[in-house]
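Peer 1: Show me how the following folds:
(chains A and B)
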Amino acid sequence: MKKIDAKGLDCPEPVVLTKNALKENKEIITIVDNEAAANNVKKLATKLGAKAEIKKIDSNFEVNIKKTEKNSEKDENKSEGKVYFFKSDKLGKGEDELGNVLIKGFLHTLLELDPLPQKLIFMNSGVKIATENEDAIDSLKKLEDKGVTILSCGTCLDYYGLEDKLDVGEISNMYEIVESLNSSNVITI
Amino acid sequence: MGPKTLSQVLRQVDFFSEDEDLLIGLGTADDATVYKIDEERAIIQSVDFFTPVVDDPYLFGQVAAANAISDIYAMGGKPVLAMNIVCFPSCLEEEVLVEILRGGAAKVKEAGATIAGGHTVKDDEPKYGLSVSGFVKHENILPNSKAKKGDKLVLTKSIGTGIYVSAIKGGLCEGGKENPAVKNMLTLNDKAVDPMHNNDVRSCTDVTGFGLLGHMVEMARGSNAELTLDTDKVPIMDGVRDYAEMGLVPGGAYDNKDNFIGDTEINNNLEEVMVDMLFDPQTSGGLLISVPADKASDLLRDLNKNGVEEAAIIGEVTGEGTKVIVE
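Peer 2: Sure thing, here's the model as predicted:
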């Protein structure tokens, strides 16, 4: 539960602070000192599909905000970005060496994208990118720092014996991966 | 200040004047003071200043000037002289003030008037505005208190600048001169004056701090008239609805709602966001005009021809009383 003290701040500060906090928190209490600000914060929450309640406490107002399941799934900032699905550790078919070079360049270039990708998903030999390819891992870490979700298939890591070597991102399952591929704008590499 | 506090304060001071040449004073909450000079002409005086609404000092200067001059047009007059009013902190660079004043001077020049002086005060927060004087022929004076049953109501600019300024301050959009709200605020109301005089307009006020509905209530009170607003017809800037739904509604809109809702009758099916937009305080807003019904389409045509493209008929005067019906 994140608390935002927005007492004494003029419009639109309480709304902006709440909006930013909602990107990373599922439950927020925003405290303001006037009813107009409380109503505005509640409007924001409702517009973003969250539930909000206003409680008057002494001379202040607390707005309790809870994200519902649906909107906690897609982070507002990332919603525009695409999902990239890597099913191999090389880019394209041809010489392995070239495929390796290309994948490094590709990931490095992804960093320049606006908006950034929403998710990168690694499957089959693709998981080797997030475990063995040092240059690629470097780019992936930078992407992760910027809020990009990086998922590697658990079954695949297990198969290649790489589970302990996962250096960036999270281990994911078939359900989550299928959900991501189903619900989003996907590019397959 | 909110209208309630202000009227409480003003009530305790005796502003009564026996001067018969004071044609419009504090009595009818009009846009500006009008004083008879001779049998032909009267002088209009008004003053307005505020804290920055946009970051760019040159644009702020222009907006503040357009806003201050607007009161003269709203009374049916033409601006002639202006004086700068400046509050400025010592910690800010002089260059900022130069830009603000350059912006103000450019707008006053565009309006065909002259800046002839001013006054500065050291203050924690910058503020800028002008005291403006203009002339008007007696038959051209347009008070806010002459709306008559059967008249059509015309609004010359789209609304939503207060909400837009919140969005700019919140970093949700750029506040440069391409911003639709900045463009809106930079536009003088000068082009509406001649069309008003050529089409027998009875009453006029400019839509500013009290929001469209607040100023309609003031017109209803002053004219002892019942105004009906057709919300579908109100021009609203693109994007404003979205920002209003996000809660970027300025505190002034809530104050206006508190103060004026008692004199309104709002259709129960109207969305809350629409009510917020109707009470949104405007900076350098458009003119709200009451025109005889048979002249309304001519007025609209003349306004459009003169470059006032957003002008629209938004309602009518439906009876006597002092309320605004919102459909």
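Peer 1: now the host helix or strand of A:D135: mean pLDDT?
Peer 2: Assigned by DSSP states H and E, A:D135 belongs to helix A:134-145. Averaging pLDDT along helix A:134-145 gives 90.
Peer 1: Name the SS class of residue 106, please.
Peer 2: No chain in the question, so chain A it is. Per DSSP: H, G, I helix; E, B strand; the rest coil, the local secondary structure of A:F106 is helix.
Peer 1: Chain B is the one I meant
Peer 2: Assignment for B:A106 (three-state DSSP): helix.
Peer 1: do the same with B:S284
Peer 2: B:S284 ends up coil, using three-state DSSP.
Peer 1: My read is that it contacts B:V182, right?
Peer 2: No. Assessed by C-beta atoms under 8 Å, B:S284 is found out of contact with B:V182, at 10.0 Å. In this view, the C-beta of every residue, glycine as well, is placed from N, C-alpha and C.
Peer 1: B:D19 falls within a helix, correct?
Peer 2: No. According to three-state DSSP, B:D19 belongs to no helix; its state is coil.
Peer 1: coming back round to it: quick check: next helix or strand after the helix holding A:D135?
Peer 2: Following helix A:134-145 toward the C-terminus (DSSP H and E): strand A:149-153.
Peer 1: Who does that next one pair with, and is each partner parallel or antiparallel?
Peer 2: Strand partners for strand A:149-153, identified by DSSP bridges, are recorded as strand A:119-122 (parallel), strand A:170-172 (parallel).
Peer 1: Which one of these lies nearest to B:E316?
Peer 2: strand A:119-122 (55.8 Å; C-beta to C-beta).
Peer 1: about what we covered before: between the strands paired with strand A:149-153, which gets the lowest average pLDDT?
Peer 2: strand A:170-172 (a mean of 86).
Peer 1: Flag every buried residue along that strand.
Peer 2: A:171-172 (16 or more other C-beta atoms under 10 Å in any protein chain shown).
Peer 1: One more: stretch A:56-64?
Peer 2: Within stretch A:56-64, the residues that count as buried by 16+ other C-beta under 10 Å are A:61-64.
Peer 1: Ok, stretch B:262-279 next?
Peer 2: Under 16+ other C-beta under 10 Å, the buried positions of stretch B:262-279 are B:263-264, B:266, B:273-279.
Peer 1: quick one, domains of chain B?
Peer 2: Structural domains annotated on chain B: B:3-140, B:152-326, as defined by automatic domain parsing.
Peer 1: and the longest one, what's its mean pLDDT?
Peer 2: Averaged across domain B:152-326, pLDDT comes to 95.
Peer 1: Name the helix or strand for B:V273, please.
Peer 2: B:V273 belongs to helix B:272-278, assigned by DSSP H and E.
Peer 1: how about the residues of the stretch 201-327 of chain B that lie near chain A?
Peer 2: B:244-251, B:253-255 (C-beta under 8 Å from any C-beta of the partner chain).
Peer 1: And the pLDDT at the spatially most distant residue from the centre of chain B?
Peer 2: Distance to the chain centre peaks in chain B at B:C91, reaching 32.0 Å (criterion: C-alpha atoms, centre = their mean). pLDDT, B:C91: 93.
Peer 1: what helix or strand is it on?
Peer 2: Going by DSSP H and E, B:C91 is not part of any helix or strand.
Peer 1: State the distance from it to chain A.
Peer 2: Counting by C-beta to the nearest C-beta, to the nearest Å, the gap from B:C91 to chain A is 20 Å.
Peer 1: tell me which parts of chain A are close to chain B?
Peer 2: So far as C-beta under 8 Å from any C-beta goes, chain A lies against chain B at A:10-13, A:15-16, A:19, A:34-37, A:39-44, A:46-48.
Peer 1: what packs against the helix holding B:V273?
Peer 2: If you count contacts as 3 or more C-beta pairs under 8 Å, 6 or more residues apart in numbering or on different chains; DSSP states H and E, helix B:272-278 packs onto helix B:211-223, helix B:240-245, helix B:251-260.
Peer 1: from these, which stretch is densest packed?
Peer 2: The highest average neighbour count among the helices and strands packed on helix B:272-278, using mean count of other C-beta atoms under 10 Å in any protein chain shown, belongs to helix B:211-223 at a mean of 26.
Peer 1: Dump the helix or strand just after that helix to CSV, restricted to CA.
Peer 2: Next along the chain after helix B:211-223, taking DSSP H and E as the criterion, comes strand B:225-229. Below are the C-alpha coordinates for strand B:225-229, written out as CSV (Å, rounded to 0.1, in the frame of the first residue of the first chain):
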residue,chain,number,x,y,z
ALA,B,225,-34.2,36.3,-17.3
GLU,B,226,-34.4,32.5,-17.6
LEU,B,227,-31.7,31.2,-19.9
THR,B,228,-31.8,27.7,-21.4
LEU,B,229,-28.5,26.1,-22.5
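Peer 1: ok, now which ones touch the nearest residue to B:D255 once chain neighbours are set aside?
Peer 2: Using C-beta to C-beta, 6 or more residues apart in numbering or on different chains and skipping residues adjacent in sequence, the residue nearest B:D255 is B:G2, 4.6 Å away. Residues near B:G2 by C-beta atoms under 8 Å, 6 or more residues apart in numbering or on different chains: B:252, B:255, B:258-259.
Peer 1: cutoff 10 Å now
Peer 2: B:G2 sits next to B:8, B:209-210, B:251-252, B:254-256, B:258-259 when contact means C-beta atoms under 10 Å, 6 or more residues apart in numbering or on different chains.
Peer 1: re earlier: the strands paired with strand A:149-153: which one's closest to A:I129?
Peer 2: Of all these, strand A:119-122 comes closest under C-beta to C-beta, at 5.8 Å.
Peer 1: For that closest one, buried residues please.
Peer 2: Applying 16+ other C-beta under 10 Å to strand A:119-122 flags A:119-122 as buried.
Peer 1: ok, so of those, who is nearest chain B?
Peer 2: Proximity of the buried residues of strand A:119-122 to chain B (C-beta to the nearest C-beta) peaks at A:K119, which lies at 25.5 Å.
Peer 1: Before I go, just wanted to say thanks for your time.
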